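Q: kindly generate the corresponding structure for this input.
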Amino acid sequence: MPSYVALLRAVNVGGTGKLPMSELKTMCIAQGFERVQTYIASGNVVFSASQGEAEIKGALEKRLAAYAGKPVGVIVRTAKQLEMVLQSNPFPDAPPNWTVAIFLDDPPPKNALETIKGRVDEEVCLGKREIYVAYGSGMGRSKLKIPAAAKGTARNVNTIAKLVELAAAK
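A: Numbering: from 1, shown residues only. Modelled structure (predicted):
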């Protein structure tokens with residue numbers, strides 16, 4: 001059974017009245033996913049499933065919308081796809097906590113780099129279904145706006161590496 005990683009977008013996963021990771025895990029188990037494991041309170045879940053990527057995405061988004069009362073975006077990658085994202089990082093020498101992959105459902109538009117605003121010392125590169133960003137002075141100071149990333153969700157290289165490790169163990 002293939003291993004997958006689901007990354008939730010624009011959802012608060014901690015605290016009261018929000019989506020606790022334990023609830024996310026329960027949703028995945030109820031969906032029939034196996035060996036479910038969440039990672040840090042930022043909407044990351046690793047599991048095995050017999051369904052395909054699109055079916056997993058649809059099922060999780062439906063459950064999350066029912067729970068949250070509003071749409072919650074979910075990006076799904078196989079363990080192998082996530083490993084390729086990590087291996088394809090075009091900024092291997094940049095600090096991994098200041099380097100992210102913004103995960104998208106589809107390939108970024110060809111003109112994605114032309115529409116960026118607020119760029120100072122950030123490096124940006126397009127991937128297959130990701131946009132990589134190395135934040136030169138750190139993410140907290142950055143004013144970078146990437147319109148093509150609006151429906152995506154970002155994870156730093158440290159988190160991606162841990163998710164790859166967890167998915168490989170499934």
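Q: verify the stated contact: E130 with T99.
A: No. With contact defined as CB atoms under 8 Å, E130 does not count as touching T99 (11.8 Å). (C-beta placed from N, C-alpha, C; glycine too.)
Q: tell me which of these two has more neighbours.
A: E130 (27 against 22; other CB atoms under 10 Å).
Q: can you report phi and psi for the more buried one?
A: phi -140, psi 160 (degrees, to the nearest 10).
Q: next, the closest residue to it other than its chain neighbours: secondary structure please.
A: Residue nearest to E130 in three dimensions, not counting chain neighbours: A101, with 4.5 Å by CB to CB, 6 or more residues apart in numbering. Here A101 is strand, with the state taken from DSSP: H, G, I helix; E, B strand; the rest coil.
Q: quick one: contacts for A101?
A: Residues near A101 by CB atoms under 8 Å, 6 or more residues apart in numbering: V85, N89, G127, E130, I131, Y132, A154, R155, V157, I160.
Q: that one bridge partners, please.
A: Beta-bridge partners for A101, by DSSP bridges, are Y132, R155.
Q: how about E34?
A: Applying DSSP bridges to E34 yields these beta-bridge partners: S48.
Q: from the contacts of A101, which is closest to Q31?
A: R155 (21.9 Å; CB to CB).
Q: and the protein, what are its domains?
A: Using automatic domain parsing, the domain parsing of the chain gives 3-79, 82-168.
Q: the shortest one: end-to-end distance?
A: Its first and final residues considered, domain 3-79 spans 5 Å by CA to CA, to the nearest Å.
Q: show me how far that domain is from its chain's centre.
A: 11 Å (CA atoms, centre = their mean, to the nearest Å).
Q: please report the distance of P108 from E123.
A: To E123, P108 is 15 Å away according to CB to CB, to the nearest Å.
Q: likewise Q81?
A: Note on Q81: its distance to E123, by CB to CB, is 23 Å.
Q: tell me where this protein has strands.
A: Counting by DSSP state E, the chain has strands at residues 3-9, 34-39, 44-48, 73-78, 99-103, 123-126, 130-134, 153-156.
Q: how about low-confidence regions in this protein?
A: By pLDDT under 70, the low-scoring segments of the chain are 10-17, 170.
Q: residue boundaries of the helices in it?
A: 21-30, 53-68, 79-87, 157-168 (DSSP state H).
Q: in TSV: these, plus mean neighbour count and distance to V36.
A: Formatted as TSV, the helices of the chain follow (neighbours: other CB atoms under 10 Å; distance: least, CB to CB, whole Å):
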stretch	mean neighbour count	distance to V36
helix 21-30	16	4
helix 53-68	16	12
helix 79-87	17	14
helix 157-168	19	11
